[in-house]
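Visitor: Everything below, folded, please.
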Amino acid sequence: MTLLIRHIRLRVETSTGLFGADVPLETGLNILWADNTKGKSTALQGLLYALGLERMLSAKREIPLPHVMTSYVEDDQDNKHPVLESSAWVELENSAGKIITVRRYAKNPSVDRRLVSVFFGPALSQPSASYRQQDYFVSDPGAAQRESGFHFMLATFIGWNLPTIGKFDGTESLLYLETIFPLFFVEQKTGWSAIPAAFPTQFQIKEVGQRALEFALALDTHSTELLRQQLEVDIANTKQSWTIIRNQLTSAAALVNAKVQGITPAPMLSEADIDQASLIIANENSQIQFLSEVGSSIRARIAVLTQTVTPTVAVAAPASEEEIDQLTQLVAEQNGRRTEIFKLAQIEKAQVRSITDRLQSLQEDLQKNQDAQKLQSFGSSLTESFAADRCPTCAQHIEDTLLEQQDGVTIMSLDENINYIKAQIDLFKRLLERTKDNVERLDSTFAEVKREVNGNSARLRALKAESTAPANSFSITLIEERVRLQARLEVLDDVQQRFEEGKLELITVVNHYAGLLSAKAQLPRERLSSKDKEKLKKLAELFRSQAKAYNFTTFSPEELDISEESYRPQKEGFDIGFEISASDGIRLKWAYQLAMLELARTELTNHIGVVIFDEPRQQEASKVSFQSLLNRAATAKAFGQQVIFATSEDFNQLKGFLSKINHNLVAFEGRIVKRV
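Guide: A predicted model of the protein is given here:
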C-alpha cells in the first residue's frame with residue numbers, strides 16, 4: 001500500500017490581498033528548498049495540520065503553524081499584513097489510484113478548526129473540474145471511529161484497519177494515526193530526538209512505540225496478540241455464562257430447599273462430572289437425600305394412598321362426580337387461558353425485541369445527525385449524509401422530489417430533525433418500558449394460572465382416584481395427604497427437570513470453553529513468529545547497509561542490530577544510547593527510517609511508502625553522508641515510493657549533490673508564502 005502526496009498548498013487571505021505557496025510533489029526524491037526561516041517547515045507543518053495530525057507533535061490542541069498562517073504575513077519588504085483567513089490544502093493519491101484533496105482552515109471566523117473538507121478528485125492539480133465535496137471532523141471524540149470522522153475516512157483511504165490496543169487504565173483504544181505517522185514524518189524540532197521516532201504519549205497507550213512499529217511492519221505478533229486478547233475476552237464471557245447457569249440452577253433448587261452438588265463455581269471440563277452432578281435435600285428426618293430419591297419415595301407413598309380404602313365413598317360419590325365434571329371443564333378452560341397468556345407473552349416479547357431494534361436504529365440515526373450538526377457548527381455547508389440528492393439513511397441517490405410539491409410545505413432543518421428523533425427515542429423508550437411491564441405481568445399471570453391448573457389437576461386426579469375406592473370408605477386426611485404429596489411431587493419433578501436441562505446447557509458451555517482453551521494453547525509460545533524474525537532480520541540488514549553508506553563510525557556498522565523486543569537499534573543486546581555522537585545519531589535516524597521504507601518493497605507491511613525529513617542534515621552531518629542519503633532516497637522512484645526533504649543546504653552545493661540524481665526540486669527565493 002502506498003500514499004502519494006501530490007501537492008501541498010497554503011492560502012492566506014489578508015487585508016491587502018491573497019498570499020500563499022504551492023508545493024507540487026512527485027514519486028521518488030523531492031527536495032523542498034528555501035533559506036532558513038523562510039517557511040519550508042511551514043509547508044510541511046501545513047501538511048500535518050491539513051491531515052489533522054498536529055497531536056503527534058504536542059498534546060496541546062493548538063495550531064502547529066507560525067504567525068504567517070494565524071496572525072500576520074510579512075512580504076519581501078518586511079511589511080506586515082494581518083491574516084483574515086488561512087487554510088492548508090493537500091492532494092493525495094492512494095495505491096488504488098484514487099485521488100482526494102483535503103482542505104482545513106487554520107483561521108476562519110465562521111468555520112471551526114475541527115472541520116475538514118474533502119474533495120473527491122485532484123482539486124489542486126486540476127482545479128478547472130468540479131468534484132464532490134464531503135465534510136468531516138477531526139481532533140474530536142469519534143474522529144477515528146465514526147463515518148463522519150476524518151481519520152476514519154483517511155485510514156480507509158490508505159487501506160488501514162486500525163487495531164484496538166490496551167491502555168494504561170485497563171480500557172482499550174484504537175492505535176490512532178497520530179501514533180503511527182511519526183514513523184513516516186521526521187519533524188524538525190523533536191523528530192530527530194529519538195530512534196525510531198518520538199511517539200506521542202498523551203493517548204496513554206501501553207508501549208505505544210512497539211505497537212506502532214508492529215502495525216507499520218505488519219508483524220504476526222501484532223495479530224497474534226490481538227487474537228490472544230480476543231480469546232481472553234471469549235474465555236471470560238464463557239466463564240460468566242457458566243456462572244449464570246449455575247446461579248439459575250441454585251435458585252431453582254432453593255424453591256424446594258435443595259442444594260446443588262457437584263457443580264463447581266469455575267467451569268468443569270469433564271462432561272461425566274457434570275452428568276453426575278445432583279440435587280440434594282434434607283428429608284423429614286433431616287437426613288440428606290438425593291432429590292430424585294425423595295421424588296421416588298413420594299411416588300411410592302402416593303401409590304399406597306391410592307390403594308388405601310377410603311370410607312363412605314358411596315355417600316360422597318354424587319358430589320364427587322359433579323365436582324369431577326366441574327374440575328374437568330375448569331382445567332380445560334384454565335389450560336386454554338394459559339395457552340392464550342403464553343401466546344400474548346410471546347407477542348409482547350417479540351415487541352420488546354422489535355422496539356429494541358428500532359431504538360438502536362434511532363440512536364444510530366441520531367448519532368449521524370449529531371455528527372452532521374457538529375460538522376455544520378464547525379462551518380460545513382455540505383455533508384454527504386444530508387445532501388439534497390441522497391437519502392439520509394441509506395445514502396442512495398434520490399430524485400429532487402418524490403411527491404408533487406405544494407406551497408407551504410417545508411423540510412425539517414437539521415436541528416428539527418434531531419429534536420424529532422430524540423422525541424421518537426423518548427416515545428419508544430416509554431413504549432419499551434410499558435411492553436416490558438406487560439411481559440412481566442403476563443409471566444406472573446401465567447405462573448399463577450399454571451399453579452391453579454396444577455392444583456386443580458391434582459384435585460381432579462384425587463377425585464378420580466377416590467371414585468374407584470370402596471363405596472363404604474372415607475378419609476379426608478388420606479385424600480388431603482395424597483393431594484399435597486402430588487403437588488409436592490410436581491414441584492420436585494419440575495425442579496429436577498430444570499436441573500437436568502441446565503446440565504445439558506453446562507455441557508455445551510464447557511465444550512466451547514475447552515475449544516477456547518485449546519485455541520489459546522495453540523498460539524505461538526514465542527512472541528515473534530518465524531516470519532516476524534525473518535522480517536526483522538531483513539530490516540537489520542538494510543539498516544546496517546545504510547549506516548555503512550552514511551559513514552557511521554562510532555563503532556562497526558556490522559555490530560548494529562534490531563531488537564526483537566523493542567524493534568529499536570541495538571548493539572550486543574543493548575539499546576543504543578548516549579555512547580554515539582550526535583551526528584552518528586542522525587545517521588542512524590536516516591538509516592532506520594529509510595530501511596523501513598525499503599523493507600516495504602519486498603515484504604508485506606503497512607508502510608505508506610512515504611518518508612518526510614525536515615532538515616535532514618542535522619548536526620552538520622558530513623557532505624559525503626548527505627550525498628549518500630540523497631542517492632539512497634532517490635531509489636524510491638523505481639518502486640512508486642516518495643521521499644520528501646525540506647532543507648536550507650547551500651543551494652549551489654545542493655545542486656551539485658543532485659546533479660546526477662533523479663529528483664524533483666521545488667526551490668523558493670525569499671519567503672515561501674508570498675503574494676499570489
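Visitor: measure the residue most central in space within the chain to Gln363 for me?
Guide: Computing the C-alpha centroid of the chain and ranking residues by CA atoms, centre = their mean puts Thr164 first, at 6.2 Å. Thr164 sits 22 Å away from Gln363, going by CB to CB, to the nearest Å. From N, CA and C alone the C-beta is placed, and that goes for glycine too.
Visitor: Domains in the chain, by residue range?
Guide: 3-219+529-675, 323-402+412-445 (automatic domain parsing).
Visitor: Which one of the ones you listed has the poorest average confidence?
Guide: Ranked by mean pLDDT, the domains of the chain end with domain 323-402+412-445 at the bottom, a mean of 81.
Visitor: Which stretches in the stretch 251-400 of the chain count as strands?
Guide: 259-261, 278-282, 288-290 (DSSP state E, counting those that start in this stretch).
Visitor: what does the stretch 101-250 of the chain give?
Guide: According to DSSP E, counting those that start in this stretch, the strands that the stretch 101-250 of the chain contains are 115-119, 133-137, 164-166, 172-174, 185-186.
Visitor: how far does the shortest one sit from the chain's center?
Guide: The chain centroid and the centroid of strand 185-186 are separated by 27 Å under CA atoms, centre = their mean, to the nearest Å.
Visitor: Tell me the helices and strands packed up against it.
Guide: strand 610-614 (3 or more CB pairs under 8 Å, 6 or more residues apart in numbering; DSSP states H and E).
Visitor: Quick check: what element follows the strand it packs on along the chain?
Guide: Under the assignment DSSP states H and E, the closest C-terminal helix or strand after strand 610-614 is helix 623-634.
Visitor: Now do the buried residues in that next one.
Guide: For helix 623-634, a neighbour-count test (16 or more other CB atoms under 10 Å) marks Ser625, Phe626, Gln627, Ser628, Leu629, Leu630, Arg632, Ala633, Ala634 as buried.
Visitor: Any chance of these in CSV with distance to Pro109 as columns?
Guide: As requested, those are arranged in CSV below (distance: CB to CB, whole Å):
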residue, distance to Pro109
Ser625, 48
Phe626, 45
Gln627, 49
Ser628, 49
Leu629, 44
Leu630, 44
Arg632, 47
Ala633, 42
Ala634, 45
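Visitor: My understanding was that Met268 contacts Ile507; is that so?
Guide: No - using CB atoms under 8 Å, Met268 is not in contact with Ile507, being 9.6 Å away.
Visitor: Quick check on the two: which one has the bigger neighbour count.
Guide: Met268 (19 against 15; other CB atoms under 10 Å).
Visitor: show me the contacts for the more buried one.
Guide: The neighbours of Met268, taking CB atoms under 8 Å, 6 or more residues apart in numbering as the test, are Ile274, Leu506, Val510.
Visitor: Present the residues you listed as a markdown table; the columns should include neighbour count, distance to Leu517 and pLDDT.
Guide: Below are the contacts of Met268 laid out as a markdown table (neighbours: other CB atoms under 10 Å; distance: CB to CB, whole Å; pLDDT from 0 to 100):
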| residue | neighbour count | distance to Leu517 | pLDDT |
| --- | --- | --- | --- |
| Ile274 | 21 | 16 | 92 |
| Leu506 | 23 | 16 | 94 |
| Val510 | 21 | 10 | 92 |
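Visitor: and those residues as a markdown table, adding distance to Leu217?
Guide: Shown next, in a markdown table, are the contacts of Met268 (distance: CB to CB, whole Å):
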| residue | distance to Leu217 |
| --- | --- |
| Ile274 | 46 |
| Leu506 | 44 |
| Val510 | 39 |
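Visitor: Of those, just say which sits nearest to Phe181.
Guide: Val510 (46.2 Å; CB to CB).
Visitor: was I right about that closest one contacting Leu269?
Guide: Yes - using CB under 8 Å, Val510 is in contact with Leu269, at 5.9 Å.
Visitor: Minimum distance to Phe168: which of the strands of the stretch 251-400 of the chain has it?
Guide: Of all the strands of the stretch 251-400 of the chain, strand 259-261 comes closest under CB to CB, at 40.7 Å.
Visitor: Check the offset of that closest one from the chain's centre.
Guide: 41 Å.
Visitor: Now do the buried residues in it.
Guide: In strand 259-261, counting by 16+ other CB under 10 Å, buried: Val260.
Visitor: Does anything pack onto that strand? Which helices or strands?
Guide: helix 220-254, strand 278-282.
Visitor: With mean neighbour count added, can I get the ones you listed in TSV?
Guide: Listed next are the helices and strands packed on strand 259-261 as TSV, based on neighbours: other CB atoms under 10 Å:
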stretch	mean neighbour count
helix 220-254	16
strand 278-282	18
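Visitor: now those in TSV, with distance to Ala34?
Guide: Putting the helices and strands packed on strand 259-261 into TSV (distance: least, CB to CB, whole Å) gives the following:
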stretch	distance to Ala34
helix 220-254	40
strand 278-282	85
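Visitor: Is Asp584 located within a helix, as I assumed?
Guide: Yes - per DSSP: H, G, I helix; E, B strand; the rest coil, Asp584 lies within a helix segment.
Visitor: Let me see the contact set for the residue lying closest to it once chain neighbours are set aside.
Guide: Closest residue in space to Asp584, ignoring its immediate chain neighbours: Thr554 at 4.7 Å, by CB to CB, 6 or more residues apart in numbering. Shown in contact with Thr554 (CB under 8 Å, 6+ apart): Glu579, Ile580, Ser581, Asp584.
Visitor: before we move on, what about Ser125?
Guide: Arg6, His7, Pro24, Glu91.
Visitor: now swap in Gln370 and tell me
Guide: Ile418.
Visitor: for Ala540, same thing?
Guide: Counted by CB under 8 Å, 6+ apart, Ala540 has contacts Leu560, Asp561, Ile562.
Visitor: Is it correct that the first one is in contact with Lys571?
Guide: Yes - using CB under 8 Å, Leu560 and Lys571 qualify as a contacting pair, with a distance of 6.4 Å.
Visitor: What's the local residue count around Lys60?
Guide: 10.
Visitor: In three-state terms, label it for me.
Guide: Strictly by three-state DSSP, Lys60 counts as coil.
Visitor: top strand in the protein by residue count?
Guide: Longest strand of the chain, by residue count under DSSP state E: strand 80-94.
Visitor: May I see the buried residues of it?
Guide: His81, Val83, Glu85, Ser86, Ser87, Ala88, Trp89, Val90, Glu91, Leu92, Glu93, Asn94.
Visitor: Please apply the same query to stretch 557-575.
Guide: Pro557, Leu560, Asp561, Ile562, Ser563, Glu564, Tyr567, Arg568, Pro569, Gln570, Lys571.
Visitor: Just give the closest residue to the residue nearest to the centre of the chain, not the sequence neighbours.
Guide: Glu172 (4.9 Å).
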